[in-house]
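Asks: how would this look folded up:
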Amino acid sequence: QVQLVDSGGGSVQSGGSLRLSCRNTYGSACMAWFRQAPGKGREGVASITNDGTATYADSVKGRFTISQDNAKGTLYLQMNSLKPEDTAMYYCATKKNVVFGSCASFRHYSSWGQGTQVTVSS
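Replies: You can find the predicted model right below:
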């Protein structure tokens, strides 16, 4: 059973930084970060393949960096220059293969972490 544990959220002021972590107990073809703000749908933020190819949503390009430490089984999201509109619950997710879409499609992710809250104040 895949188990994901995400952590690292918190409250920061606009322009600040946070790093999210997600421990993954099972191998996967794709890992990604999603977020969901109050009253809004879930959106894909960044994805990474098991060979390290990263993709970002336009809203976070140049500010966020996704990375993984395969030896530790951990996914990271470094978030810099945070804005109030980045406020959301952030979730890590994985999917085993790309049969139903690429990692960057942000579709058919089947395993999810419990979420970690990020709050950015102006």
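
Asks: which residues of this structure score low on pLDDT?
Replies: 1-2 (pLDDT under 70).

Asks: Point to the residue nearest the middle of it.
Replies: Residue closest to the average C-alpha location in the chain (C-alpha atoms, centre = their mean): residue 33, at 1.7 Å.

Asks: does that residue sit in a helix or strand, and which one?
Replies: Following DSSP states H and E, one finds residue 33 within strand 30-36.

Asks: How much space separates residue 104 from residue 49?
Replies: Going from residue 104 to residue 49 by C-beta to C-beta, to the nearest Å gives 9 Å. For the C-beta atoms, the positions are set from N, CA and C on the backbone; glycine is no exception.

Asks: What residues are bridge-paired with residue 24?
Replies: For residue 24, the beta-bridge partners under DSSP bridges are residue 4.

Asks: hang on, I meant residue 47
Replies: residue 32, residue 55.

Asks: list the contacts for it?
Replies: Residue 47 makes contact with 30, 31, 32, 33, 54, 55, 66, 103, 104, 106, according to C-beta atoms under 8 Å, 6 or more residues apart in numbering.

Asks: ok, the last one - contacts?
Replies: So that's residue 106. Applying C-beta under 8 Å, 6+ apart to residue 106 gives the contacts 32, 34, 43, 44, 47.

Asks: tally of neighbours for the nearest residue to residue 107 once chain neighbours are set aside?
Replies: Distance criterion C-beta to C-beta, 6 or more residues apart in numbering; nearest residue to residue 107, sequence neighbours excluded, is residue 101 at 4.3 Å. Neighbours of residue 101 under the rule other C-beta atoms under 10 Å: 14.
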